[in-house]
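In: Task: produce atomic coordinates for the following.
(chains A and B)
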Amino acid sequence: MSKIISCEQAQKKSLQQRGFVVSDPGILSLIQDAGRFGAFNLGLTNGGPADSLAFYWANRLCGNAINTTAIEINLGGLQLKAQTDCIVAVTGAPMPLTVNGQAKACWQSLLIKAGDTIHLGFTDVGVRSYLAVAGGFEVKPSFGSTATVCRESVGGLNGGKLLKHDVLPCQVLSKADNSQKQWMLAENDQPRYVNEVILHTVIGYQQAHFPDIEKRSFFSSEYHISQHWDRMGYRLQGRAIKSDVNGILSEGICYGAVQIPADGQPIVLLNDRQTIGGYPKIGAVISQDCAKLSQLRQGDKVHFEPISMSAADNMFHLNLRKLKQTQLISYT
Amino acid sequence: MTTQINDCIRLEIAGESSLMLYFSDYERASSVITPSISSLVQQAEQLIRLHFSAEIIDLISSYASILVVFDLSVIDHHQLRNQLRSVLKQCGSVGMKQGRLVELPAYYSLESGMDLTRIAHHANLTVEQVITLHQAQEYRVYAIGFAPGFAYLGEVDERIAMARLTTPRLKVPKGAIAIADRQTAVYPAQSPGGWNIIGLCPIDMFNPQAEPTMPVEVGDRVKFVAIDKTQFFELGGVLPCVES
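Out: Numbers count the residues shown, from 1 in each chain, chains lettered A, B, ... in the order given. Below is the predicted model of the structure:
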């Protein structure tokens, strides 16, 4: 009997040790999968990766399904200690990556040994990077998703950001996996992180309440990212846009919706937005461009450009097709 | 691009992968808060869930609208528009469905309802009259959103309607029963907020561990029932640290 117990204890101990220990969480590191869908009726928002494209590549470089749980690192500073052999990949905003102090490249899969220390420095351009592990981090989903939304205290390990000493379990790499090829994404196929982006915007919602002259002004002006930018939304600064309504009956807000409050300064609502609200909206930025916007910070510039529903639909499918057709390069 | 589905439903674009359904009364031109529009919204939501389980990612129903978020890799907006039109054409022809009646205990007092005196003064009523009027009404759950478990209830008696605070409080306690214009609600968790607080409800409005997660859903009817301090504590209520 005592032998069985000690066996169980040993097993428990080894289970705890599979994965990573967070030795430094950095500024804001969050467990994310593709997002929480189907829980709007409880008032729960989507969450999920702010830059869905970089998230996609991190998982693909690890051979994962696209909805696999990874870490979103905001600005940098994350340090993990591996307790098992595994394969990881880091993508997104360029953060200096080291393994045991040695510089390593992002946008490729890396073999990690038990005991290795992975560190991500801070980025000067772009905001968020993604660290995926082959097989994914094993986090219990809440409301069907592991996506962390701090404001709602939902998802992740305990409804919040990663903390020092957190343990992130993942699958142990088998011998067969160990000999597997490693992959990288060709430099030409990697997204560029810049300080200025175009936000293609589908006109909709209360657009009829914005006079033509205001719409023209909206699409021809340059806006700066204000000091208020986060996963919930980006407040912009520039020429004020006026509508002929102050407030509306509270209604559902989609990803990318452009809300114009009374001061006329647009707010683009993103992953962690509230599900309903009462400010008039002129339309919504397409998802691909929301991912780009999420890599901007205070002072960076955006322009809005109108796009028809059909053109947005085409862009969505072209992008999907391009992603599928892009081949990874084997490098071992 | 507007599509009129019938006399009371209008379809607009919201975003790349979402459409917006707006509902109105036959008699009224614009969207307003009425139980009949709300029940039309619910009827439409049920029809959409029934007919589009593969195409729809999620829905957000509110007072007089439904945001329909669809899967662009399964259907495009032209097809969805046409199919919604044919499915929702019949909407509005059936009578109003009665929702469940949910009773929520309410500890109304000057210590739990820091804005009671202000409302009473504003309405030229006594505090007791304000409490009686808030309980007298059967409210409808019009929408859930803003925060997890936040249910918008309407409408309170005109006499106790009260505009939001000019400067929102940084901390509204969990369980706060509050009024904003003719809406009332129970704050599911401590959060910033500008509604006028009249009491505390000891029941969890959102508990991820509970089944169901929320005591109410859209379309339900809610009645507040006054309890005293002892009952409030017995039901698990906690008095927050005072902040005016």
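In: what about the residue nearest the centre of chain B, helix or strand, and which?
Out: Taking Cα atoms, centre = their mean, the centroid of chain B lies closest to residue B:152, which sits 2.2 Å from it. Following DSSP states H and E, one finds residue B:152 within strand B:151-154.
In: backbone phi and psi for the residue lying farthest from the centre of chain B, please?
Out: Distance from the centre of chain B peaks at residue B:73, with 32.1 Å (Cα atoms, centre = their mean). Torsion angles at residue B:73 (phi, psi; degrees, to the nearest 10) stand at phi -80, psi -10.
In: didn't it look like it was pressed against residue A:320?
Out: Yes: using Cβ atoms under 8 Å, residue B:73 is in contact with residue A:320, at 6.9 Å. The way it works is simple: take the backbone N, C-alpha and C, and place the C-beta from them, glycine included.
In: Below-threshold pLDDT in chain B: ranges please.
Out: For chain B, the stretches with pLDDT under 70 are B:26-31, B:93-97, B:242-244.
In: correct me, but residue A:47 touches residue A:151?
Out: No: Residue A:47 is beyond contact range of residue A:151, at 9.6 Å (criterion: Cβ under 8 Å).
In: Can you name every helix or strand that the strand or helix carrying residue A:87 contacts?
Out: According to DSSP H and E, residue A:87 maps onto strand A:86-92. Judged by 3 or more Cβ pairs under 8 Å, 6 or more residues apart in numbering or on different chains; DSSP states H and E, the packing partners of strand A:86-92 are helix A:52-61, strand A:109-112, strand A:128-133.
In: Just the C-alpha atoms of the first one, please, in CSV.
Out: Same thing as helix A:52-61. Provided in CSV are the C-alpha atoms of helix A:52-61 (Å, rounded to 0.1, in the frame of the first residue of the first chain):
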residue,chain,number,x,y,z
SER,A,52,-3.7,36.3,-34.9
LEU,A,53,-1.2,36.0,-37.7
ALA,A,54,1.9,35.8,-35.5
PHE,A,55,0.0,33.4,-33.3
TYR,A,56,-0.8,31.2,-36.3
TRP,A,57,2.9,31.0,-37.3
ALA,A,58,4.1,30.2,-33.8
ASN,A,59,1.8,27.2,-33.7
ARG,A,60,2.5,26.1,-37.3
LEU,A,61,6.2,26.1,-36.7
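In: Strand A:86-92 and that one, what's the angle between them?
Out: Angle, helix A:52-61 to strand A:86-92, by axes from the mean of the first three to the mean of the last three Cα atoms, to 10 degrees: 160 degrees.
In: residues in contact with the residue farthest from the centre of chain B?
Out: Counting by Cβ atoms under 8 Å, 6 or more residues apart in numbering or on different chains, residue B:73 touches A:317, A:320.
In: can you do 7 Å?
Out: Contact analysis of residue B:73 by Cβ atoms under 7 Å, 6 or more residues apart in numbering or on different chains lists residue A:320.
In: Can I take it that residue A:297 is in a strand?
Out: No: going by DSSP: H, G, I helix; E, B strand; the rest coil, the assignment for residue A:297 is coil, not a strand.
In: Number of residues surrounding it?
Out: Residue A:297: 17 surrounding residues under other Cβ atoms under 10 Å in any protein chain shown.
In: Repeat that for residue A:141.
Out: For residue A:141, the neighbour count with other Cβ under 10 Å is 12.
In: Could I get the phi/psi values of it?
Out: Phi and psi for residue A:141, reported as degrees, to the nearest 10, are phi -70, psi 150.
In: what do you get for the one 10 residues further on?
Out: Its backbone dihedrals place residue A:151 at phi -60, psi -30, with angles given as degrees, to the nearest 10.
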